[in-house]
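In: Fold the following.
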Amino acid sequence: MSYAEPVSSGKRLTGLAVVVLVHAAVVYALVTGLARTIVEVVRPPLETKIIEETKVRPPDKPPPPPPPRLAAPPPPYIPPPEVQVQLPPTAQPAISAITTAKPTTPVAPPGQRAPVQVQQPSKPHVPRTPAVVDAKACDKPEYPPASLRAQETGVVLLSFLIDLDGAVLESKVERSTGFRRLDEAARKALGLCKFKPATVDGKPEKSWARIEYEWKIE
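Out: So this is what the prediction gives:
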């Protein structure tokens, strides 16, 4: 057995009507834009501020340089006055005579002694005679067969070092014929000869002498 008090149908209908009215009011507000107006009223107004751009201050300009110091101009140059000193007539040396001849003895300047000129003794003359080199006194050099077949000719200039007894110590070719065979044949053949040595004060000495030999086909 239930003791709850039964709900009356009138209260139920009243509650249902209230819910329907609320929904209808919400729909009407959405349709007519009333809700947007309310939201705009509730939302606080926005504040706008204009922020000015901060200007950067340019750096200070350096101070201008000091003006240059102008040096004082040098004082004007004044040349000293020219003073001409006139010598008395007695102070000038007198010129007695002029000559172009060269003095044989040195003349000393005034107030000094003249230098003494020492004469060098003359060297005694020593007689000298050169060496005599004559190819006629020697055996005639033999013509190289190869040079003879090739018809080689020419004149060779030889130098000989003559010893005290007239023998040849050294020999060399100073001017060639242009053919080595002819030069060597003449040098070897004439180097076997004996010549007249040079003398100094009648005594023989070593010396160089020259001789020319001509190669020709007869």
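In: Keeping just the C-alphas, turn the lengthiest helix in the chain into CSV.
Out: Ranked by residue count under DSSP state H, the longest helix found in the chain is helix 9-32. The C-alpha trace of helix 9-32 is given here as CSV (Å, rounded to 0.1, in the frame of the first residue of the first chain):
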residue,chain,number,x,y,z
SER,A,9,-2.6,16.5,-13.8
GLY,A,10,-2.9,20.2,-13.6
LYS,A,11,0.6,20.7,-12.2
ARG,A,12,2.0,18.5,-14.9
LEU,A,13,0.4,20.4,-17.6
THR,A,14,1.6,23.7,-16.2
GLY,A,15,5.3,22.5,-16.1
LEU,A,16,5.0,21.2,-19.7
ALA,A,17,3.7,24.6,-20.8
VAL,A,18,6.6,26.4,-19.1
VAL,A,19,9.2,24.2,-20.9
VAL,A,20,7.5,24.9,-24.2
LEU,A,21,7.5,28.6,-23.7
VAL,A,22,11.2,28.6,-22.8
HIS,A,23,12.1,26.7,-25.9
ALA,A,24,9.9,29.0,-28.0
ALA,A,25,11.6,32.1,-26.5
VAL,A,26,15.0,30.7,-27.2
VAL,A,27,14.0,29.9,-30.9
TYR,A,28,12.6,33.4,-31.2
ALA,A,29,15.8,35.0,-29.8
LEU,A,30,17.9,33.1,-32.3
VAL,A,31,15.7,34.0,-35.2
THR,A,32,15.4,37.7,-34.3
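In: helices or strands up against it?
Out: When contacts are defined as 3 or more C-beta pairs under 8 Å, 6 or more residues apart in numbering; DSSP states H and E, helix 9-32 sits against helix 34-42. Just so you know, the C-beta spots here come from the backbone N, C-alpha and C atoms, and that holds for glycine as well.
In: Which SSE is immediately downstream of the helix it packs on?
Out: strand 128-129 (DSSP states H and E).
In: what number of residues lie near Leu161?
Out: Counted by other C-beta atoms under 10 Å, the residues lying close to Leu161 total 15.
In: Which helix or strand contains it?
Out: Applying DSSP H and E as the criterion places Leu161 in strand 154-162.
In: now what about the helix or strand following that strand, what contacts it?
Out: Next in sequence after strand 154-162, counting helices and strands by DSSP H and E, comes strand 168-175. Residues outside strand 168-175 that contact it (C-beta atoms under 8 Å, 6 or more residues apart in numbering): 155-163, 183, 187, 190-195, 206, 210.
In: the inter-axis angle of strand 168-175 versus strand 154-162?
Out: In terms of direction (axes from the mean of the first three to the mean of the last three C-alpha atoms, to 10 degrees), strand 168-175 departs from strand 154-162 by 150 degrees.
In: Indicate each strand paired with strand 168-175 and its parallel or antiparallel sense.
Out: Sheet pairing of strand 168-175 (DSSP bridges) gives strand 154-162 (antiparallel).
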